[in-house]
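Colleague: Everything below, folded, please.
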Amino acid sequence: MNAPKRHGEWSKFLQFFTEQNRGRPTRLGVFERNGDSVIDYWIESGLVFIGVDIDPSTDSVTIQVLIGEMEHVVSEPQQIKFILSRSGDEDGIDITDSNGRTTVLRFEVAKTD
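Modeller: Residues are numbered from 1 along each chain as shown. Reported below is the predicted structural model:
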């Protein structure tokens, strides 16, 4: 599949994903390989999901993940995986960039008082 067509399909899926999940609390991290090990960097926990979108207008395509007042940018995305669980408490999205780093967005279970 050529890149523009793939990016157009991604855009539709990301729009649907945003509509279905806006307002849910999140966890956001980045995983990358370092030799035989994987290093994880957890960036935030608990911020509200605003949305995720693809921007093909730059020289290289980027995906923006908006949570709370924070924006996380994934440059040159190569793969998107939607993660769905039966209970919904591990739903999210994985976005892998051209360097093999994977941004992991997971939704937290909303706390009830």
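Colleague: hey, let's count contacts and neighbours off CA atoms from now on
Modeller: Fine.
Colleague: Flag every buried residue along the longest strand seen in the chain.
Modeller: For the chain, the strand with the greatest residue count under DSSP state E is strand 37-55. Across strand 37-55, burial judged by 16 or more other CA atoms under 10 Å covers S45, G46, L47, V48, F49, I50, G51, V52, D53, I54.
Colleague: Could you do stretch 71-88 as well?
Modeller: V73, V74, S75, E76, P77, Q78, I80.
Colleague: isn't the first one right up against I63?
Modeller: Yes. Contact status for V73 versus I63: in contact at 5.7 Å, counting by CA atoms under 8 Å.
Colleague: so what does the helix or strand of the chain with the lowest mean pLDDT touch, helix or strand wise?
Modeller: Taking mean pLDDT, DSSP states H and E as the measure, the chain has helix 3-21 as its least confident helix or strand, at a mean of 84. Applying 3 or more CA pairs under 8 Å, 6 or more residues apart in numbering; DSSP states H and E, we find helix 3-21 packed against strand 37-55.
Colleague: thinking again about what came up before, which one of the buried residues of strand 37-55 is nearest G88?
Modeller: Checking these against G88 with CA to CA, the nearest one is F49 at 14.9 Å.
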